[in-house]
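**Q** With the sequence up front, the predicted model follows.
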Amino acid sequence: MAVRSSKKKRAGAAAAPVAQSIAEMKEAMLQIGSVMQEAATEARRADEIRRVIGDTVAGLEAKLRERRPLAEESETKLSMRIHELQEELTKQEDLVKRRELEIQERRVQSDDTRTAVLGAQLREQGERLRQKEAALREQQESSAARIRDLEEQIGKTAGLLESRDVEIGTLRAKLDELQGLPDGSVTLTEENVVLLEEVAQGSEPEHSPRDESEARGLRIGRSMRQIVTRSGDTAQPVPAPDRKKSRWASLLAPVKKGS
């Protein structure tokens, strides 16, 4: 009995690892089954993806086959258009070159024309300047001559004024002498009459020697009077007009009384 129990114990002890291994194997089998199921699911999914991709590729190939003629036609048209554009570009480049040449020629012509116009304007302005300079020189010479004439006239007038001042001074001295003489004893000469008439008429503006001589001649002609000479009488002039009365009229009063 004891032997049996020990055998049972040894058998139980030996069976425990086996059972554990079997359990582990079952679990591993279950895991393998699960993995295989997942793999099958993934395989089915991959097949579905391959099918979808195949359908997509087939559709794209069909569309490509449909569009290939259109693409070829578009490519042909595009090539033709590129060729036309290249020809047009070549024409435009030639036109641009011709226009540049024309512009250069016109620029040269314009520069020549402008140079000619500016030269003509410069010559015209130079001629005008020379004319103005000549006119200015002529005007300066005329002004200088006029100034010289005026200076000469002023010099002559100054000389005449000095001479007149001397005459007036002489006449004043004579008049002073006449005032000191008794009434009735004054004898006027022709020169005294002329000088008295000139002074009585006042100072007149003097312009030139010719004007002075003419004016003086007229005054002498107007003032000269016939001097009557009689025994015991004195000569007397005709009195000056009332409008010329001045200080000299009062100086002539003794002469008039003596006459």
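**A** Thanks, I have it.

**Q** so where do the strands sit in the protein?
**A** In the chain, no strands are found when defined by DSSP state E.

**Q** pLDDT-wise, which helix or strand of it ranks last?
**A** The helix or strand of the chain with the poorest confidence is helix 253-258; it has a mean of 46 (mean pLDDT, DSSP states H and E).

**Q** where does the stretch 51-200 of the chain have low pLDDT?
**A** Low-confidence segments of the stretch 51-200 of the chain, defined by pLDDT under 70, span residues 180-200.

**Q** where do the helices sit along it?
**A** 190-200 (DSSP state H, counting those that start in this stretch).

**Q** got the CA coordinates for stretch 29-38 in CSV?
**A** Coordinates of each C-alpha in stretch 29-38 appear next as CSV, following Å, rounded to 0.1, in the frame of the first residue of the first chain:
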residue,chain,number,x,y,z
MET,A,29,-1.7,26.0,-30.9
LEU,A,30,-4.5,28.5,-30.0
GLN,A,31,-2.1,31.4,-30.6
ILE,A,32,-0.9,29.8,-33.8
GLY,A,33,-4.5,29.4,-34.9
SER,A,34,-5.2,33.0,-34.0
VAL,A,35,-2.1,34.1,-36.0
MET,A,36,-3.1,32.0,-38.9
GLN,A,37,-6.6,33.5,-38.8
GLU,A,38,-5.1,37.0,-38.7
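
**Q** Please work out the average pLDDT along it.
**A** Over the span of stretch 29-38, the pLDDT mean works out to 84.

**Q** Just give me the neighbour total for Q153.
**A** A count of nearby residues for Q153, using other CB atoms under 10 Å, gives 14. Placement of C-beta: from N, CA and C, glycine included.

**Q** What's the separation between it and R114?
**A** 56 Å (CB to CB, to the nearest Å).

**Q** what residues are up against R106?
**A** Residues in contact with R106 (CB atoms under 8 Å, 6 or more residues apart in numbering): none are found.

**Q** cutoff 10 Å now
**A** By CB atoms under 10 Å, 6 or more residues apart in numbering, the contact set of R106 is T113.

**Q** cool, and R98?
**A** R98 touches nothing, counting by CB under 10 Å, 6+ apart.

**Q** Relative to D111, how far out is it?
**A** Distance of R98 to D111, given as CB to CB: 20 Å.

**Q** repeat for Q139
**A** Counting by CB to CB, the gap from Q139 to D111 is 41 Å.

**Q** Q179 now?
**A** Q179 sits 97 Å away from D111, going by CB to CB.

**Q** And T41, by the same measure?
**A** Distance, T41 to D111, using CB to CB: 92 Å.

**Q** now do S163
**A** In terms of CB to CB, S163 sits 76 Å off from D111.

**Q** again, but for I22
**A** Counting by CB to CB, the gap between I22 and D111 amounts to 116 Å.

**Q** do E167 as well
**A** Note on E167: its distance to D111, by CB to CB, is 81 Å.

**Q** And the two? Which one has more around it.
**A** Applying other CB under 10 Å to E167 and D111 shows that E167 carries more neighbours, namely 15 against 10.
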